[in-house]
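**Student:** For reference, the sequence and a predicted model appear below.
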Amino acid sequence: MDITLIYRIAGVGIIVAILHIFLSQAGRQEQAQMLSLAGVLIVLLSLIQLIAQLFRDVELVFRWW
Amino acid sequence: MEGIIRIVGIGIAMAVVIGILRSTHTPMAVQLSISFTVVMMLVLIEPLREVLTFFAEMGRRAGMDRHHLEVLFKAVGIAYVASVGAQLAKDAGEQSVAVLIELGGKVLILTVAIPVFSSILLSLLRLLP
């Protein structure tokens, strides 16, 4: 498990936040909300995969002996 | 040594980024903190496995019953995961979710410890005249 996944999620988060600010300043409120929702869903997919892998590893360690 | 420096460095950077995100975009900040916690736990599984193997070997050599050691490890694991999960829920602002996660941890630890309780009780009953 490498650390670059955190960087990727942080990058997605920052980009979504910046675009959200830009879009809401430009007056397109609903597009900003759509974009933030899309960003949340994308990160959620990666997060669910991460949690699944974590639970598999924890189960392996605790049932090892 | 460089392992802990790496963890602390990334943790501080993540804390700053999450602080920035929390003001504008709270769900993303919550997800970022959860993902950092999960990735850190994945990174720490390897050393944890070595420590647990060492303790299991010690317990086996001391002649302790395997089931008791297993119960102890499961209780520690459940307590750890439940406390991390409750802290994450509190970070997201959901106090009731955190309370229920901790309650679930307590109930599950008691459930896992039932065989130990019953064996203690049986030993005590055998000691009584």
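**Tutor:** The structure has been received and is ready for your questions.
**Student:** And the helices in chain B?
**Tutor:** Secondary structure of chain B, counting by DSSP state H: helices at B:2-24, B:26-61, B:66-91, B:95-112, B:114-127.
**Student:** In CSV: the ones you listed, plus distance to chain A, mean neighbour count and mean pLDDT.
**Tutor:** (Each C-beta comes from the backbone N, C-alpha and C, glycine too.) Formatted as CSV, these follow (distance: least, Cβ to the nearest Cβ, whole Å; neighbours: other Cβ atoms under 10 Å in any protein chain shown; pLDDT from 0 to 100):
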stretch, distance to chain A, mean neighbour count, mean pLDDT
helix B:2-24, 5, 13, 86
helix B:26-61, 4, 17, 84
helix B:66-91, 5, 17, 84
helix B:95-112, 11, 14, 93
helix B:114-127, 16, 10, 88
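**Student:** and of those, who's closest to residue A:51?
**Tutor:** helix B:26-61 (5.7 Å; Cβ to Cβ).
**Student:** Summarise which helices and strands that closest one is packed against.
**Tutor:** Counting contacts by 3 or more Cβ pairs under 8 Å, 6 or more residues apart in numbering or on different chains; DSSP states H and E, helix B:26-61 packs against helix A:4-25, helix A:29-62, helix B:2-24, helix B:66-91.
**Student:** For residue B:59, which of the ones you listed is the nearest?
**Tutor:** Taking the helices and strands packed on helix B:26-61 one by one with Cβ to Cβ, helix B:66-91 is closest: 4.3 Å.
**Student:** could you check the angle helix B:26-61 makes with the closest one?
**Tutor:** With axes from the mean of the first three to the mean of the last three Cα atoms, to 10 degrees defining the directions, helix B:66-91 sits at 160 degrees from helix B:26-61.
**Student:** Helix B:66-91 relative to helix B:114-127, how many degrees between them?
**Tutor:** 140 degrees.
**Student:** what residue lies at the spatial centre of chain B?
**Tutor:** In chain B, the centroid-proximal residue (Cα atoms, centre = their mean) is residue B:80; its distance is 1.6 Å.
**Student:** now do chain A
**Tutor:** Using Cα atoms, centre = their mean, the most central residue of chain A is residue A:43, at 2.1 Å.
**Student:** Find me whatever residue is spatially closest to that residue, sequence neighbours aside.
**Tutor:** Leaving aside its sequence neighbours, residue A:43 sits nearest to residue B:31 (Cβ to Cβ, 6 or more residues apart in numbering or on different chains; 4.7 Å).
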